[in-house]
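In: I would like to see how this sequence folds:
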Amino acid sequence: MADTDSLPRPLQLEPAVRFDEVTVKHEGVSILDRVSAIVPKGSCTAIIGPNGAGKTTLLLALLGEIDYLGRIVLGAGGISPRVGYMPQRFSFDRGMPLTVSEFLVMGFQKKPLWFGLNNDLCRRTRESLTLVKADHLAERAIGALSGGELQRVLLALALQQEPELLILDEPSAGIDFPEEILFCELLDELRRQRGFTQLMVSHDLATVTHHATHVICLNRTVAAEGTPLQALSSENLTALFGIHMGLVSARSMPGNQTACSAPCCQEQLDA
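Out: Residues are numbered from 1 along each chain as shown. Presented below is the predicted three-dimensional model:
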């Protein structure tokens, strides 16, 4: 793997998040070892790496859910950004008599749900569902949703925080191909409209290639970092995943673009 001191980093970009020498150990085993990287403000930054590389652990450290050594700096000038988070897995009792609307207001409404929903919160819930093209799910039982529908509801929940930094752990996990395309389009469109920074963990190199503007290659430490063209070289991918990983087409990479280069989104932009 490349010497991390010589890795190209776009230091001229204002960072939304800076990781400085972040180290996490569990029972003496190193999970993250001196991870230093940046998430440029306004970017779609993807963290990639093999299973067990510490990708989710890095997100949990960023969210303050686990202890770590080193430093994580959010925002600039001592002002932390508003954060929205969408987890990789969401476990709940699918037999709960709870609608999507009730689920979305739970964290905001003070009075018990059986007293009725607050009108302002209901309006806010509808707006967030409309943003993710899921307003038709408002009165559906949360336990009756498909994987793709649940992902959109979880995204709506994260967007209710009006985040400046949106953190997603495997956002396309467990959803089928049409839903994955829709999800990619939604995230790109919302990031352009709202100007938030998107930080996501992904195993899907096709999604990363077309949608990411910045990539962090992680395998307990940073193996490479930069634009997709810089980070997703055959040498870096071989070092991360092994010799049979395959190659990524440089023609698919967005370079300095701020929008997806894939036909799924370009057709929408040209319409």
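
In: In the stretch 151-271 of the chain, what residue spans correspond to strands?
Out: 165-169, 197-201, 214-218, 222-226 (DSSP state E, counting those that start in this stretch).

In: Which stretch among those strands is buried most, on average?
Out: Highest mean neighbour count of the strands of the stretch 151-271 of the chain: strand 214-218, a mean of 26 (counted as mean count of other C-beta atoms under 10 Å). Bear in mind the C-beta positions are built from the backbone N, C-alpha and C, glycine included.

In: That one vs strand 197-201, what angle?
Out: Computed by axes from the mean of the first three to the mean of the last three C-alpha atoms, to 10 degrees, the angle separating strand 214-218 from strand 197-201 equals 30 degrees.

In: got the angle between strand 214-218 and strand 222-226?
Out: Angular relation of strand 214-218 and strand 222-226 on a 0 to 180 degree scale: 170 degrees, by the same axes, to 10 degrees.

In: on that earlier part again, pipe the strands of the stretch 151-271 of the chain into CSV and attach mean pLDDT per row.
Out: Formatted as CSV, the entries for the strands of the stretch 151-271 of the chain read as follows, by pLDDT from 0 to 100:
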stretch, mean pLDDT
strand 165-169, 93
strand 197-201, 94
strand 214-218, 95
strand 222-226, 94
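
In: Just the mean pLDDT for stretch 101-114, thanks.
Out: Regarding stretch 101-114, the rounded mean pLDDT is 72.

In: Work out the gap between stretch 90-109 and the centre of the chain.
Out: 22 Å (C-alpha atoms, centre = their mean, to the nearest Å).

In: Go ahead and produce CSV holding the CA coordinates of that stretch.
Out: As requested, the backbone C-alpha atoms of stretch 90-109 are provided in CSV (Å, rounded to 0.1, in the frame of the first residue of the first chain):
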residue,chain,number,x,y,z
PHE,A,90,-32.3,-0.8,11.4
SER,A,91,-33.7,-3.6,13.6
PHE,A,92,-37.3,-3.3,14.9
ASP,A,93,-40.4,-5.3,15.6
ARG,A,94,-42.2,-5.4,12.3
GLY,A,95,-45.4,-6.3,14.2
MET,A,96,-45.5,-2.8,15.8
PRO,A,97,-48.8,-1.0,15.0
LEU,A,98,-46.9,2.1,13.9
THR,A,99,-47.3,4.1,10.7
VAL,A,100,-44.5,5.8,8.8
SER,A,101,-45.8,9.2,9.9
GLU,A,102,-45.8,8.1,13.6
PHE,A,103,-42.3,6.7,13.3
LEU,A,104,-41.0,9.9,11.8
VAL,A,105,-42.4,12.2,14.6
MET,A,106,-41.4,9.9,17.5
GLY,A,107,-38.2,11.7,18.1
PHE,A,108,-39.7,15.2,17.9
GLN,A,109,-43.1,15.0,19.6
